[in-house]
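K.L.:
Model the following, please.
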Amino acid sequence: MAKWAQKEIGNYPENPKSRGVKPIEAPRRADGSSLNKPANVADSPDDSEDIELDYEPSEGFTPPNCGSRMSSVEQPLPILNVSCVDAASAIPADVFSSATNQVYSTFCRGTVNNGNQLEWMANIFGNLTGLSPTQNSRVKRFAHLTRADGPEQFTNWQFKLDWVPDKDSFDAGQCYLDCETAFQVLAATPECSQKGDEKNLMSLSGQIDVGCGMYGYTVKGIAIS
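P.N.:
Just a heads-up that it's a prediction; the model follows:
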């Protein structure tokens, strides 16, 4: 194979045959100039020198996929206004608000798009007091299953939960935090959730402004027979 290839060096195949037809003239460019000569760069028009581009955006035009970025730059981020008293309660922050227990769970369902002022009482499990009369018996029945650090240890406490919307013109679209997030912020703010000797207790009361109104809580003790 190698010897055959060496013999074929310098030879041209017979096909395809040109049939003896010779080109009439040399190929040329679109402007008629010969391809055998380099193009004259100086003769080609440069439109960029004569045309002044207008980079002014059209009125009302928003670049695609940039609307949210532009608005976020124009609108300053809200400043959280949190206020809590110095006195400590007996309720740990991770019992007041955690992945498994939220004192405010039922209350928050009643505040969605609600322009009326609310003041409800809830127990440690988030149930509204007086609406779930069997809660205490359930706790006693399963007392042997309770954890030393669980919410069951704080059934002798209840919580006054408040929602005070803006009086002038309540607009739910102006709320930059929903109810559950607002109480989670209170439970995560050192001013409200790092009380007591071990710095893990909730303050006796606190409140947070969410832009369209105010959420608040107060820890109150009750006696359970």
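K.L.:
May I ask which helix or strand of this structure has the lowest mean pLDDT?
P.N.:
When the helices and strands of the chain are scored by mean pLDDT, DSSP states H and E, helix 135-141 comes last with a mean of 38.
K.L.:
Neighbours of Trp163, how many?
P.N.:
22 (other C-beta atoms under 10 Å). C-betas here are computed from N, CA, C, even on glycine.
K.L.:
picking that back up, what helices or strands is the helix or strand that the least confident helix or strand of the chain is followed by leaning on?
P.N.:
Counting by DSSP states H and E, the next helix or strand C-terminal to helix 135-141 is strand 157-165. On a contact count with 3 or more C-beta pairs under 8 Å, 6 or more residues apart in numbering; DSSP states H and E, strand 157-165 meets strand 88-92, strand 118-123, strand 213-221.
K.L.:
Strand 157-165: which residues count as buried?
P.N.:
157-159, 161-163, 165 (16 or more other C-beta atoms under 10 Å).
K.L.:
for that strand, what is the average pLDDT?
P.N.:
In this model, strand 157-165 has a mean pLDDT of 93.
K.L.:
what does stretch 115-126 contact?
P.N.:
91, 95, 101-107, 110-111, 128-130, 132, 135, 151-152, 154-155, 157-165, 170, 172, 220 (C-beta atoms under 8 Å, 6 or more residues apart in numbering).
K.L.:
Any quick ChimeraX command for the buried ones out of these?
P.N.:
Filtering those down to the buried ones (16+ other C-beta under 10 Å) takes a single ChimeraX command:
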select :91,95,101,102,103,104,105,106,107,111,128,135,151,152,154,155,157,158,159,161,162,163,165
